[in-house]
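K.L.:
structure, please.
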Amino acid sequence: MANINKIVKFDLDERAVHLRGEKRLSFNEIATTLSDESGEKISKASVQRFFEARDRDRQKAVAMSSKLQAKVAEAEINTVGKRQDLIQKLEDLAQLAIEQGDLKVAVDALKEATSALNSLDKLLGKYETNPAVQVNLNQVNIDGELRALYERVAGIEATEAAFEDVE
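P.N.:
Purely as a prediction, here's the structure:
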């Protein structure tokens, strides 16, 4: 079992750090000050070991933090990649629906793609967009029916026949 440093044992950590950091005292001066204040014999070697252990712990914490940051960055990159794949699939679905004349599915897919893009922008800290144009599906359907009617009418040959008013 490792011996506990006297500075830790007698709860003098903060005082030692204060003396070293703010007062800029040497290890020998810190040992003398802590011994006088605590009534316990604190050696220069004990002060050195305390600060060496503290530095090692800080280095370990930084290394762990770096590894954690790398894992977080990797997870964010994976999330961005998956969202990009999903957006591409939605765009492909919309294109297929357009080619097959299913405007409702196309519009729904594009709405979802837009939502996913907004979510991705938010994740990346970019601007959040709100759709500037809202599509009225009823109007899309009416426009489609009207276009089909025009095409049918355009295909009918004109006749010279006169129509009589029944009244």
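
K.L.:
all helices of this structure, in order?
P.N.:
Along the chain, counting by DSSP state H, helices occupy 6-9, 13-21, 27-38, 44-99, 103-123, 137-154.

K.L.:
around D36, count how many other residues there are.
P.N.:
The tally of other residues near D36 (other Cβ atoms under 10 Å) stands at 10. Quick note: C-beta positions are derived from backbone N, CA and C, even for glycine.

K.L.:
against I30, how distant is it?
P.N.:
Using Cβ to Cβ, to the nearest Å, one obtains 11 Å as the distance from D36 to I30.

K.L.:
which of the helices of the chain comes out lowest on mean pLDDT?
P.N.:
Per-stretch mean pLDDT for the helices of the chain is lowest at helix 137-154 (a mean of 64).

K.L.:
gap between L12 and I42?
P.N.:
Taking Cβ to Cβ, one finds L12 at 7 Å from I42.

K.L.:
what is in contact with these two at once?
P.N.:
When contacts are counted by Cβ atoms under 8 Å, 6 or more residues apart in numbering, the set common to L12 and I42 consists of 6, 34.

K.L.:
which residues touch the closest residue to Q48 other than its chain neighbours?
P.N.:
Closest residue to Q48 apart from its sequence neighbours, by Cβ to Cβ, 6 or more residues apart in numbering: F27 at 5.2 Å. By Cβ under 8 Å, 6+ apart, the contact set of F27 is 44, 47-48, 51.

K.L.:
just the buried members of those residues?
P.N.:
For the contacts of F27, a neighbour count by 16 or more other Cβ atoms under 10 Å gives the buried set as 47, 51.

K.L.:
make JSON lines from the contacts of F27 and add distance to Q59 to it.
P.N.:
Converted to JSON lines, those look like this (distance: Cβ to Cβ, whole Å):
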{"residue": "K44", "distance to Q59": "23"}
{"residue": "V47", "distance to Q59": "19"}
{"residue": "Q48", "distance to Q59": "17"}
{"residue": "F51", "distance to Q59": "13"}
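
K.L.:
L124: which of the contacts of F27 is nearest?
P.N.:
F51 (42.1 Å; Cβ to Cβ).
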